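Chemist: how does the following fold in three dimensions:
(2 chains)
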Amino acid sequence: MFTYAAKRILMTLPIMIGVSLVCFLLVHLAPGDPLISVLPPDASQSIKDQLMVLYGFDRPYYEQFLRWLVRAVQGDLGTSIRTGRPVAGEIFKAVGNTLMIATLATFIGFVLGTFFGFVAGYFRGTWLDKGASAAAVFGVSVPHYWLGMILVIVFSVHLGWLPPTGAGPGGSEDWRWNWVHIQHLILPAVTMSVIPMGIIARTVRALVAEILSQEFIAGLRAKGLPEFGVFRHVVKNVAPTSLAVMGIQLGYLLGGSILIETVFSWPGTGLLLNDAIFQRDLPLLQGTILVLAMFFVALNLAVDVFQSALDPRIQRA
Amino acid sequence: MSAILAGEPAPVPIVRSPGYWVTVLRRFSRDPFAVIAALVVLGLIAMAVFAPWLAPQDPLQGMSLRRLRPPGSEGYPLGTDELGRDMLSRLIYGARISLFMGIVPVFAALVVGATIGIVAGYVGGWTNTVLMRTMDVFFAFPSVLLAVALAGALGPGILNSMLALTLVFVPPIARVAESVTTGVRTRDYVEAAKASGAGAFIIIRKQVLGNVLGPIFVYAMSLIAVCMILASGLSFLGLGVKPPMPDWGLMLNTLRTAIYTQPLLCALPGLMIFITSISFNLMTDGLRSAMDIKA
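Modeler: Okay, the predicted model is just below:
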């Protein structure tokens, strides 16, 4: 177990370095002057040069990369060109907000997805299966940003039950655990949850159907185990894979929250990314992508180790 | 005994095997959802191709006097958008760029990814390690994040976002291609070809390709729905198609301001994206089970 975990962590290091290199190159791929967003078009050359030196854009790429990497490891992601505030602080504030909707969405998606998946897998070929599978196909096919708009139309515009945008009354970004704030959480989280719901339902359906067709299930039934006991065996066999899918989905939602956050003006990393792109704020863009990608890598690692702890057969493969 | 020997050998009844693709098509046609989905896809493609003949009006010609008419208005069966352009015509024309951006990146990624994966899987060793670990790095990004980051870095535009989407889909296709090819590489018929002196290129073309392209192709097909949603998403964010071009994702974005006044109107472009992606998904599901490909 521990040797496997150690091996997995060692294997992740080169990936992490690769990921940070990609983040760095991505931003330097951007055509145009990196300072274009802060400088007035008639700025003199000497001011331009000064700023280039200040942000370190005058140095060779490999040096910029190494400096950036060393600082990033120490928790310093530079300062935002637009606001002049430290990037790490901006991201830290936003990550909490995104984590909140992503975690809630993953939870809702997992509960609904396993339910639909079990129903479909157990009653394969019946109308129950068709209904549950339809829900799963809906989840993986619906453009979630559009679903968000539909939910806003129904629950905010028509019924007036829930607020359409923001994370608090009057656009406040100060999160508190009270009903007024939680109301703002519901629509984005529900919208987001359809993606993991669909994917988990499909995975669980295939797993349940496969496990039910195995001989040990027939054996359990033959020895007279009540159906609930058989069900427990199925659950135990489905758990490692479906929990792993859930973990990876959380990572996808964290990194892919930009569309939902744009629809709901939710002040998370997605909205930050959106601002960084359209204002060409390179340090902020670089930092946000790096943090989100690292989250994803770390989550994948955690999922692998956790899965192998649940199901020791994986280590041997 | 002798009677049997003496008689003419009974003619063996010749049953011609109908062939692989005929079998697949026959099995596919037994799944009603898949058939309907395939027909919808064909219909959408036809709509894109024949848009100039189908659209009742010019999709770009607006008039400020008739802005945001609701669906069912006289002369505008699906209403007009925020600049007074006919919604029906824009939705029909929108199929062109939306389908294009949903399909082309996947095919481009199929060519690149399959090549990388097959070479990595067939050659193995260091080539495999280098190629696949590079893919792993890109795999370490959530797909939406990678697409947005690439499109954002390259700058808005159709070409840039298609490039970004292609790069997003290369690693997953390469991974599938690599794993199928690795499975085929040690089969007896490949060994036999090697023993008879065939070169790597010929073996890949004659022995490997035929056995791996099916699963890779079906996997790539399943990515079209994802690509549609992502491409429209990029346009929705303002990173893809630029106005005034009619694209479903972009229309969803520009009509957002009308969400309080004409909610039905601003739901229409998204409905088109949804219909397209669900049809591609159901069609691929049917194809996958008809070809008996797992996962």
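Chemist: buried stuff in the helix or strand hosting B:Phe280?
Modeler: Element membership for B:Phe280 (DSSP states H and E) is helix B:263-290. Within helix B:263-290, the residues scored as buried using 16 or more other C-beta atoms under 10 Å in any protein chain shown are B:263, B:265-288, B:290. The way it works is simple: take the backbone N, C-alpha and C, and place the C-beta from them, glycine included.
Chemist: what's the following helix or strand after the strand or helix carrying A:Arg71?
Modeler: Assigned by DSSP H and E, A:Arg71 belongs to helix A:61-73. Using DSSP H and E, the helix or strand that follows helix A:61-73 in sequence is helix A:87-122.
Chemist: now check that next one, is it near chain B?
Modeler: No: Helix A:87-122 does not reach chain B (C-beta under 8 Å from any C-beta of the partner chain); its nearest approach is 10.8 Å.
Chemist: so for that helix, what gets flagged as buried?
Modeler: A:87-88, A:90-91, A:94-95, A:97-102, A:104-106, A:108-110, A:112-122.
Chemist: wait, does stretch A:127-146 make contact with chain B?
Modeler: Yes: against chain B, stretch A:127-146 shows contacts by C-beta under 8 Å from any C-beta at A:137-138, A:140-146.
Chemist: kindly export stretch A:295-311 (C-alpha atoms) in PDB.
Modeler: C-alpha atoms of stretch A:295-311 as PDB (Å, rounded to 0.1, in the frame of the first residue of the first chain):
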ATOM      1  CA  PHE A 295      -5.600  20.600  -8.100                       C
ATOM      2  CA  PHE A 296      -6.600  18.100 -10.900                       C
ATOM      3  CA  VAL A 297      -3.200  16.300 -10.800                       C
ATOM      4  CA  ALA A 298      -3.400  16.100  -7.000                       C
ATOM      5  CA  LEU A 299      -6.900  14.800  -7.100                       C
ATOM      6  CA  ASN A 300      -6.000  12.200  -9.600                       C
ATOM      7  CA  LEU A 301      -3.200  11.000  -7.400                       C
ATOM      8  CA  ALA A 302      -5.400  10.900  -4.300                       C
ATOM      9  CA  VAL A 303      -8.100   9.000  -6.200                       C
ATOM     10  CA  ASP A 304      -5.500   6.400  -7.400                       C
ATOM     11  CA  VAL A 305      -4.100   5.800  -4.000                       C
ATOM     12  CA  PHE A 306      -7.500   5.700  -2.400                       C
ATOM     13  CA  GLN A 307      -8.800   3.300  -5.000                       C
ATOM     14  CA  SER A 308      -5.900   1.000  -4.500                       C
ATOM     15  CA  ALA A 309      -6.500   1.000  -0.800                       C
ATOM     16  CA  LEU A 310     -10.200   0.000  -1.400                       C
ATOM     17  CA  ASP A 311      -9.300  -2.500  -4.000                       C
END
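Chemist: ok, residues contacting it?
Modeler: Here stretch A:295-311 makes contact (C-beta atoms under 8 Å, 6 or more residues apart in numbering or on different chains) with A:1, A:4-5, A:8-9, A:12, A:15-16, A:19, A:95, A:239-241, A:243-244, A:247-248, A:250-252, A:254-255, A:314-315, B:140-142, B:145.
Chemist: in that stretch, which residues are buried?
Modeler: By neighbour count on 16+ other C-beta under 10 Å, the buried set for stretch A:295-311 is A:295-297, A:299-301, A:303-305, A:307-308, A:311.
Chemist: need the residues you listed in JSON lines with secondary structure and pLDDT, can you?
Modeler: Output for the buried residues of stretch A:295-311, formatted as JSON lines (DSSP: H, G, I helix; E, B strand; the rest coil; pLDDT from 0 to 100):
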{"residue": "A:Phe295", "secondary structure": "helix", "pLDDT": "89"}
{"residue": "A:Phe296", "secondary structure": "helix", "pLDDT": "91"}
{"residue": "A:Val297", "secondary structure": "helix", "pLDDT": "90"}
{"residue": "A:Leu299", "secondary structure": "helix", "pLDDT": "90"}
{"residue": "A:Asn300", "secondary structure": "helix", "pLDDT": "88"}
{"residue": "A:Leu301", "secondary structure": "helix", "pLDDT": "89"}
{"residue": "A:Val303", "secondary structure": "helix", "pLDDT": "88"}
{"residue": "A:Asp304", "secondary structure": "helix", "pLDDT": "85"}
{"residue": "A:Val305", "secondary structure": "helix", "pLDDT": "85"}
{"residue": "A:Gln307", "secondary structure": "helix", "pLDDT": "84"}
{"residue": "A:Ser308", "secondary structure": "helix", "pLDDT": "82"}
{"residue": "A:Asp311", "secondary structure": "coil", "pLDDT": "78"}
